[in-house]
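Visitor: Provide a 3D model corresponding to the input given below.
(one chain, ligands or ions: 1)
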Amino acid sequence: RRPKNFPPGPPAWPVLGNLLYLISKDPLKNLEKLRQSYGNVYSLFLGSRPVVVINGLKMMKEAMVTKGPHFAGRPQDLLMNRLTQWKGVILADYNSAWREHRRFDLMTLKIFGLGKKSMEDQIHEELHHTIKILDQSAGKTLSPQVMFHNITSNVIFKFLFGTRYEYDDENKVRIQRLLRLTKVINKPWMMIYDFIPKVRSVMEPNKKVLKMIEAFQSFSVSRVNEHKKSRIPGEPRDFIDCYLEELDKKNDASSFSEEQLISQLFDLYLAGTDTTANTLRTAFLYLMNHPQIQERCQQEIDQVLEGKDRVTFEDRHNMPYMQAVIHEVQRVANTVPLSAFHCTTRDTELLGYSIPKGTMIIQNMMSVLKEEGQWKFPHDFNPENFLNEQGEFVKPEAFMPFSAGPRMCIGESLASMELFLIVVTLLRKYKFIWPQDAGEPDYTMVFAGSLTPKPYNMKIESRSPQ
Ligand code: HEM
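Guide: Model (predicted):
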């Protein structure tokens with residue numbers, strides 16, 4: 001039964017509650033239909049657990065920003081909490097250990113990569129390797145599936161561990177296996193395990209999941225040990241060195257520890273690879289099938305970069321159309337459609353409804369990214385959504401693929417830099433063509449925690465040297 005004055009929602013089945021809405025074929029469509037019936041703040045039962053779903057810009061801002069701290073917790077009793085031993089930053093509850101680590105991660109990203117040129121150089125280095133492969137494929141058709149993962153995986157990997165891997169390196173292949181984790185943990189069985197306590201007592205967590213986590217952890221431990229031997233205090237080379245410096249300063253009250261370091265590496269690698277790679281795959285799917293948009297990007301790129309060796313992140317200020325296209329891609333990609341589950345940290349209210357402390361919260365990101373009234377063309381792919389009448393780039397408030405408030409994604413700047421540099425560099429060098437024999441493009445996204453386009457091929461042609 002719903003708690004007193006709780007948001008309304010559909011009737012619940014015994015045992016399963018409304019779980020079928022989330023584990024059926026198209027959970028996002030189901031959530032959208034429920035919004036139409038019950039409004040922007042409604043509730044569901046996952047098993048017997050009441051959950052509130054938040055929709056639309058107004059409610060999202062009120063919950064995540066105005067009342068940010070009330071909604072900034074994370075559920076602590078899911079299988080992934082247990083498997084990651086309640087450490088790391090993504091699943092950590094709203095407490096001082098989370099706060100200290102979030103601040104540290106953000107600061108390290110800034111001083112290490114984004115404040116200086118190093119992250120930009122690293123992205124270009126990775127692109128250099130990709131271009132070698134693409135040059136060999138000019139005039140042919142290739143699958144970009146692995147290619148974008150290789151770039152984003154190596155960029156974050158170098159930031160964390162200080163090295164990159166060759167694309168065919170066995171270790172790299174082994175490390176990248178961790179990325180399958182997001183797909184595995186978003187399978188229906190995991191939700192059933194999390195929300196039906198009776199099932200929990202008879203079903204052991206999938207061994208595959210544990211193996212993937214343990215493999216990454218033991219790899220990370222060996223890297224940390226190597227770093228301890230080779231580092232020069234005061235001259236950090238990467239995230240691990242920075243963290244080890246923090247451990248040197250550690251006092252009794254500090255939440256920093258080697259176990260936390262391993263968990264940070266795990267979280268940042270996992271959060272920073274698939275998300276950006278899937279957005280890139282969406283970008284090229286749309287660019288190939290909107291050739292006039294691709295050409296207009298190329299005209300702007302050629303004009304702004306004329307005589308320049310390579311693009312810099314600063315160049316974005318002179319490329320309003322390119323910026324609009326990349327933001328429009330992120331809007332339609334809706335890469336992390338349910339964000340990460342939140343949890344209320346105290347009794348609170350939303351839209352006049354009472355929401356007790358400890359209630360799980362789901363953000364329906366599509367309800368903002370495609371909200372009617374917020375966008376000129378909410379349901380189309382159209383860069384005009386981000387351009388004003390003067391053709392200048394503008395970012396509407398409803399652009400929140402990284403969420404908002406205290407738990408907002410910490411990788412926004414890195415992801416934005418990667419998307420801009422990668423898309424611009426590749427469009428400058430190549431024309432991307434939807435293969436003639438590929439049939440009609442299918443824009444349906446596959447949901448597995450994050451959203452990703454179905455596999456597709458692309459044909460590339462070299463453009464004349466710019
Ligand atoms: C296009 C790429 C990306 C998208 C769309 C994205 C989106 C998101 C979203 C929606 C959340 C949940 C926010 C919330 O709970 O309210 C999140 C959290 C997070 N993201 Fe990203 N992300 C991207 C790239 C990255 C990258 C590159 C990194 C690594 C540096 C990263 C690291 C994180 C972390 C650590 C969190 C947890 C923050 C916390 O709980 O305090 N993300 N991201």
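Visitor: and after the longest helix along the chain, which helix or strand comes next?
Guide: Criterion DSSP state H: the longest helix present in the chain is helix 258-289. Per DSSP states H and E, the first helix or strand lying C-terminal to helix 258-289 is helix 291-305.
Visitor: Buried by neighbour count: which residues of that following helix qualify?
Guide: 293, 294, 296, 297, 298, 300, 301, 304, 305 (16 or more other C-beta atoms under 10 Å). Using the backbone N, CA and C atoms, a C-beta is placed for each residue, glycine as well.
Visitor: Go through these and name the one nearest residue 141.
Guide: Set against residue 141, the nearest of the buried residues of helix 291-305 by C-beta to C-beta is residue 294 (16.9 Å).
Visitor: Please name the nearest non-neighbouring residue to the closest one.
Guide: Closest residue to residue 294 apart from its sequence neighbours, by C-beta to C-beta, 6 or more residues apart in numbering: residue 287 at 4.6 Å.
Visitor: Now do the contacts for the one you found.
Guide: By C-beta atoms under 8 Å, 6 or more residues apart in numbering, the contact set of residue 287 is 293, 294, 297, 325, 427, 432.
Visitor: is stretch 368-386 up against the ligand anywhere?
Guide: No: contact of stretch 368-386 with the ligand (C-beta under 6 Å from any ligand atom) is absent, the minimum separation being 10.4 Å.
Visitor: Quick one: end-to-end length of that stretch, please.
Guide: Terminal residues of stretch 368-386 are spaced 15 Å apart (C-alpha to C-alpha, to the nearest Å).
Visitor: Check stretch 438-445 too.
Guide: End to end - C-alpha to C-alpha - stretch 438-445 spans 17 Å.
Visitor: Give the buried residues for that stretch.
Guide: Buried residues in stretch 438-445, counted by 16+ other C-beta under 10 Å: 438, 445.
Visitor: Look up which helix or strand the closest residue to the ligand within the stretch 51-200 of the chain falls in, please.
Guide: Proximity of the stretch 51-200 of the chain to the ligand (C-beta to the nearest ligand atom) peaks at residue 90, 4.2 Å away. Residue 90 belongs to no helix or strand when elements are defined using DSSP H and E.
Visitor: Got the phi and psi for residue 460?
Guide: phi -120, psi 140 (degrees, to the nearest 10).
Visitor: contacting residues for the nearest residue to it once chain neighbours are set aside?
Guide: Nearest in space to residue 460, with sequence neighbours left out and distances taken as C-beta to C-beta, 6+ apart, is residue 430 at 4.6 Å. Going by C-beta under 8 Å, 6+ apart, residue 430 touches 134, 138, 460, 461, 462, 463.
Visitor: still on that earlier bit, for the residue of the stretch 51-200 of the chain closest to the ligand, grab the count of nearby residues.
Guide: 20 (other C-beta atoms under 10 Å).
Visitor: try the one 4 residues further on
Guide: As a burial measure, the neighbour count of residue 94 was computed by other C-beta under 10 Å and equals 20.
Visitor: Same check on residue 233?
Guide: Neighbour tally, residue 233, other C-beta under 10 Å: 9.
Visitor: State the pLDDT value of the residue nearest to residue 294.
Guide: Residue 287 is assigned a pLDDT of 98 by the prediction.
Visitor: try residue 331
Guide: For residue 331, the pLDDT comes out at 98.
Visitor: This completes my enquiry, with thanks.
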